[in-house]
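**Q** from the sequence below, what's the structure:
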Amino acid sequence: MSNQPTAVLFVEDDPGHARLVRGALSRARERFDLDWQTSLAAGIESLQAHRFDAVLLDLTLPDSQGIETVIAVRRHAPELPIVVLTSLESNEVAQQALDRGAQDYLVKESIVGGGGTELVVRSLRHAIFRQHSLLETQRLLASLQESQTLLERKNRRLDKLCKTARRFVDDVSHEFRTPLTVIKEYVSLMRDGLVGPITAEQAQFLNVVMDRSDDLNRMVDDMLDVSKLRAGLLAVRRSACRVTTLMERVRRSLELKAGVKGVSLEMSVEPNLPEVYCDSDKIEHVIINLGVNAVKYCGEPGRVSIWAKPGATESEVLMGVTDNGPGISSRDQRRIFRRFRQLKRATRDSTKGFGLGLSIAKELVDLNFGRISLDSRSGVGSTFSFTLPVAQPTEVVRRYLSRLRCSRSGEPPLTFMTAETQEWADQEGGDALDSFLSYLMRPMDLLFRLDVGHWAMLLPTDADGVERFRHRSEKLLRDTNRNRLHGALPDFVLREVSHWQSASQAAELLTEIDQFMRPASQEICERGCAATAANSFVSPGLFQRAAEERQGDCLLSKTP
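**A** Modelled structure (predicted):
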């Protein structure tokens, strides 16, 4: 307590008890200023006229009896600590008094004797301290609730602004693509001579127009990807992919770009490369961004090589783009993958762009569990290369867990689930269901197809998140089947296999995945010889071993 005397209002109608309490407080080491009143009305009047630190209150007064006395004082002085001092020795009354706001309950007989002084003083001291603590807690809670309300309001505002921004980007992109599509179609008709003969020079001019239209389309793609990456909404559909297919699908676009610039373009894939596990659209976007960047910055005469070969280990494939440009300084190499960064060079292409291509390439490679790197020497050229995991379950899961452990928001819980059709699905039905399940996946969810009607998935979520996933899948399945023109999707069952509190605790998941795959491959054989594992995640060798174990009873082949 402070050096000032503690002001106490004492409401007591018995003069003898009043003298007893006054005497007890006068003997205390601490100083008390006692205001004695003999009725509730007088006590309330004194409360309104003076400032007090605490109230000592009897429950049997001429104008008030029992708990109503506490209620009345609390109503007029809601922040003052109240210590009940009464002759009523009742646990029930004591509990009622405490429930109504009193800080302590003393029986008058307990203060008679040598320890009475210390008991009253300690009770008052603790009552004042507890009341102050309670008021401070209430103040902090009110401040916290106010801050939370303000934060929620700002979050709603920010969410609205983000949605508006994404909608704006989508709308602008759509409006941008429409005239571009028309331009490209007309240019294609003219270049191919469908509207009349053209000269070689005119064809070259039209190729330039087509190339610039492709540049604008890529800028639109970059804007959309950045918007979705920032919002965590970029859909990722990973599956087993052939490297040769990835390269062939970008060949035409890059050959056109190189032809317009007069750059020699070479594309090569070493034979017998294993399939990789990735989102093919995203990796094609990476190759195009790196290839276009190389064509823009290569030397004279320009040479660009796009290649794929085995990685440093059997668990990955290495893909890259090499140019003969001026090279990149060490200082620029440290910042080249940041958003909106472009290098100042005299050899820069006239189409400036947004400086997003390399940044997006890095993020898309990361989403596909790979690593991107740069090797550049001044006057020699640059090589941008990136790795992709082979389509082997344990390797993909290992990289997936590693990425979860590095999450900025902390390691999430992890749930291993399976999905399987209730009846053997044909290839068309299985492919349709595969597209549906892929649509359900968030960027950090992992889905792999074991065969035509079997899937395994890893969801970084807890039990509540799993239930939300089930509910969302059921709702979307109903909506999809209601609007699907070619019949309903096959019925499927979701099963929870295992759950871990964090990715670090899921080390045994690698073993569990491997053990899970073997019975799945055996079941493939048991479910019919007509089955095919097209586009499945399980390697051809696994199917071959399963077939051999069945002593040739059925033959499984992976569709090209």
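
**Q** and the helix or strand hosting residue 457, what other elements does it pack with?
**A** In this assignment (DSSP states H and E), residue 457 forms part of strand 454-459. Other elements packing on strand 454-459 under the criterion 3 or more C-beta pairs under 8 Å, 6 or more residues apart in numbering; DSSP states H and E are helix 393-405, strand 414-421, helix 427-440, strand 446-451, helix 463-483, helix 509-526. C-beta: built from backbone N, CA, C; applies to glycine.

**Q** may I have the shortest one exported as PDB, CA atoms only?
**A** The C-alpha atoms that make up strand 446-451 are tabulated as PDB, following Å, rounded to 0.1, in the frame of the first residue of the first chain:
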ATOM      1  CA  LEU A 446      -0.200 -34.000 -52.200                       C
ATOM      2  CA  LEU A 447      -2.200 -36.400 -54.400                       C
ATOM      3  CA  PHE A 448      -0.800 -39.500 -56.200                       C
ATOM      4  CA  ARG A 449      -2.700 -42.000 -58.200                       C
ATOM      5  CA  LEU A 450      -1.900 -45.600 -57.500                       C
ATOM      6  CA  ASP A 451      -3.900 -47.100 -60.300                       C
END
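
**Q** residue 323 and residue 297 touch, don't they?
**A** Yes - between residue 323 and residue 297 there is a contact at 6.4 Å, judged by C-beta atoms under 8 Å.

**Q** common neighbours of those two, please.
**A** Counting by C-beta atoms under 8 Å, 6 or more residues apart in numbering, the residues touching both residue 323 and residue 297 are residue 382.

**Q** what sits against residue 218?
**A** Counted by C-beta under 8 Å, 6+ apart, residue 218 has contacts 288-289, 292, 357.

**Q** between residue 323 and residue 297, who's got more neighbours?
**A** The neighbour count for residue 323 versus residue 297, taken as other C-beta atoms under 10 Å, is higher for residue 323 (27 against 22).

**Q** so how far is residue 164 from that one?
**A** 40 Å (C-beta to C-beta, to the nearest Å).

**Q** repeat for residue 321
**A** From residue 321 to residue 164 the distance is 37 Å (C-beta to C-beta).

**Q** compare these two and say which is more crowded by neighbours.
**A** Taking other C-beta under 10 Å, residue 321 and residue 164 do not tie; residue 321 has more neighbours (26 against 10).

**Q** can you pull the contacts of the residue lying closest to the more buried one once chain neighbours are set aside?
**A** In space, and not counting its chain neighbours, residue 321 is closest to residue 290: 4.2 Å by C-beta to C-beta, 6 or more residues apart in numbering. By C-beta under 8 Å, 6+ apart, residue 290 lies in contact with 306, 320-321, 357-358, 361, 384.

**Q** between these, which is nearest residue 469?
**A** Ranked by distance to residue 469 (C-beta to C-beta), the contacts of residue 290 are led by residue 361 at 30.5 Å.

**Q** the closest one: what secondary structure?
**A** Recorded secondary structure, residue 361: helix (DSSP: H, G, I helix; E, B strand; the rest coil).

**Q** make sure it is actually in contact with residue 289.
**A** Yes - under the criterion of C-beta under 8 Å, residue 361 makes contact with residue 289 at 4.7 Å.

**Q** contacts for the strand or helix carrying residue 72, please.
**A** Element membership for residue 72, per DSSP H and E: helix 67-76. By C-beta under 8 Å, 6+ apart, the list of residues contacting helix 67-76 from outside reads 11, 40, 43-44, 47-48, 55, 57-59, 61, 64, 80, 82, 84, 93, 96-97, 100-102.
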